[in-house]
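Asker: Pasting the sequence and the predicted model now:
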Amino acid sequence: MLLTISTTARPATDLGFLLHKHPDRVQRFGRSFGEATVFYPEAGEERCTAALLLDVDPVTLARSRSRATPDFSLAQYVNDRPYAASSLLAVALADVFRTARAGRCTARPELAAAPLPLEIRLPALPCRGGP
């Protein structure tokens, strides 16, 4: 899954301060269900876009269940968790952008208090066989 957050506020690269992620670096965060990657496909004075790419690994997800779980023996065969990407994206957002969600920016506190024009996109992909 891919989520992008863009702004046209000048200077647009201030988005990096708000999200606490530097526009010049790719950052990876390991999760129990895969990997979350934050990068900036666009970082200029006029427009800045931060992207959160969530790579869900269904094998790791199935193996992360405890053997003490009553349905453990069936878990790897009957498991809808790999398809519940929206809830996994919510977990990744909460972890990766924790400080930004709290509205804190110690380096530039005035940025966190000011309204910003944000555009958030979460593209939907077609699925064979319908929804």
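Answerer: Received, thanks.
Asker: pLDDT weak spots in the chain?
Answerer: For the chain, applying pLDDT under 70 flags the ranges 60-85, 125-128, 130-131.
Asker: In a helix, Glu45, correct?
Answerer: No. Secondary structure assignment (DSSP: H, G, I helix; E, B strand; the rest coil) places Glu45 in coil, not in a helix.
Asker: just use 14 as the starting number from now, easier for me
Answerer: Yes, from this point I'll number from 14; that puts the last item at Glu58.
Asker: my read: it touches Asp27, true?
Answerer: No. Contact status for Glu58 versus Asp27: not in contact, 9.9 Å apart, counting by C-beta atoms under 8 Å. Placement of C-beta: from N, CA and C, glycine included.
Asker: And these two? Which one has more around it.
Answerer: A direct count of neighbours by other C-beta atoms under 10 Å for Glu58 and Asp27 places Asp27 higher, at 20 against 10.
Asker: what residues are up against the closest residue in space to the more buried one that isn't next to it in sequence?
Answerer: In this structure, Asp27 finds its nearest non-sequential neighbour in Leu124, 5.6 Å apart by C-beta to C-beta, 6 or more residues apart in numbering. Leu124 makes contact with 27, 30-31, 118, according to C-beta atoms under 8 Å, 6 or more residues apart in numbering.
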